[in-house]
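Engineer: I would like to see how this sequence folds:
(2 chains)
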Amino acid sequence: AQSVAQPEDQVNVAEGNPLTVKCTYSVSGNPYLFWYVQYPNRGLQFLLKYITGDNLVKGSYGFEAEFNKSQTSFHLKKPSALVSDSALYFCAVRDQSYLSGAGSYQLTFGKGTKLSVIP
Amino acid sequence: ETGVTQTPRHLVMGMTNKKSLKCEQHLGHNAMYWYKQSAKKPLELMFVYNFKEQTENNSVPSRFSPECPNSSHLFLHLHTLQPEDSALYLCASTNNLTPTGELFFGEGSRLTVL
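Structural biologist: Got it, this is the predicted structure:
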C-alpha cells in the first residue's frame, strides 16, 4: 500500500520569507513523488516531480523539493515567498513496485496544505 | 492551459435532474480519470479508464455513470443526485505507458445539487 501525509493543514508565511510545505510518504518499493498546486476554483497544476537521481528537484515558479529517503520525506520549498503563491498544495506518490505487478499504478494524494503568504 | 478541457465549469441541478459533465483531452494520453473534491476532504478517485476500458470504480454510487467513447473524451452522467454530491469534479489524463508521468488536470466542474 502507498500513502502520503501532509501534516499541516495550513502554513502561514510572510512575503519574502522562505517557505516549506511538508510531505512524508509510505511505499513498499521506491517512490515516484509529485507536487501539485491548486488555486481557488481551478484544477490541480503540476509543479515538479522526483523520479531518480539528484535529491533536489527544481520545478515551476521557483519551487523546489528535496527527496530524503531515510526520512521518507519530500518537502516543498521556495527561498522567497510571494503573495501569489497562496494556494492549496498537494503531494502525491506512486509506488514503483507496481512495475513488478505489486502496488498500484495510481497516484495517491495527500489531503493538501493551504499556504497563505501574508503581505 | 493543461490541454484538458472540462465543461461546464459550473452546474446547478435539482435532485431529480439528469445532467452530464464532459472532459476532453488532446494530449495523446491513454488514461483518463474522474476525481471528486469536496470541501475539507482529500481528493477521491472515482473512475479510471485505460484505453477506453474502465479499470477502476472506487465504490461510486450508481447515480454517477461514466462513459468513455474514445481515448480523448470522458463523460460523467449524473442522475438523482443528493446535496452531499455537491463538489468540484476534476478530470485528469496521463500516458500510463510512461510510469513516471504526471497527471494533467482540467479546471474542474463545480456542481451544486439543490
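Engineer: just the strands in chain A please.
Structural biologist: A:3-5, A:10-14, A:19-21, A:24-26, A:31-38, A:44-50, A:56-58, A:64-68, A:73-78, A:87-95, A:108-109, A:113-118 (DSSP state E).
Engineer: Kindly tell me how buried whichever residue of chain A sits closest to chain B is, as a neighbour count.
Structural biologist: Taking C-beta to the nearest C-beta, chain B has its nearest neighbour within chain A at A:Gly43, 3.8 Å off. (Each C-beta comes from the backbone N, C-alpha and C, glycine too.) Residues near A:Gly43, counting by other C-beta atoms under 10 Å in any protein chain shown, number 23.
Engineer: returning to that earlier point: figure out which of the strands of chain A is closest to B:Val12.
Structural biologist: strand A:31-38 (22.2 Å; C-beta to C-beta).
Engineer: Mind giving me the packing neighbours of the closest one?
Structural biologist: Counting contacts by 3 or more C-beta pairs under 8 Å, 6 or more residues apart in numbering or on different chains; DSSP states H and E, strand A:31-38 is packed against strand A:44-50, strand A:64-68, strand A:73-78, strand A:87-95.
Engineer: can you count the residues close to the residue lying closest to B:Lys22 once chain neighbours are set aside?
Structural biologist: Nearest residue to B:Lys22, sequence neighbours excluded (C-beta to C-beta, 6 or more residues apart in numbering or on different chains): B:Thr7, at 5.0 Å. By other C-beta under 10 Å, the residues close to B:Thr7 number 14.
Engineer: give the contact list for B:Thr7.
Structural biologist: If you count contacts by C-beta atoms under 8 Å, 6 or more residues apart in numbering or on different chains, B:Thr7 has them with B:Leu21, B:Lys22, B:Ser109.
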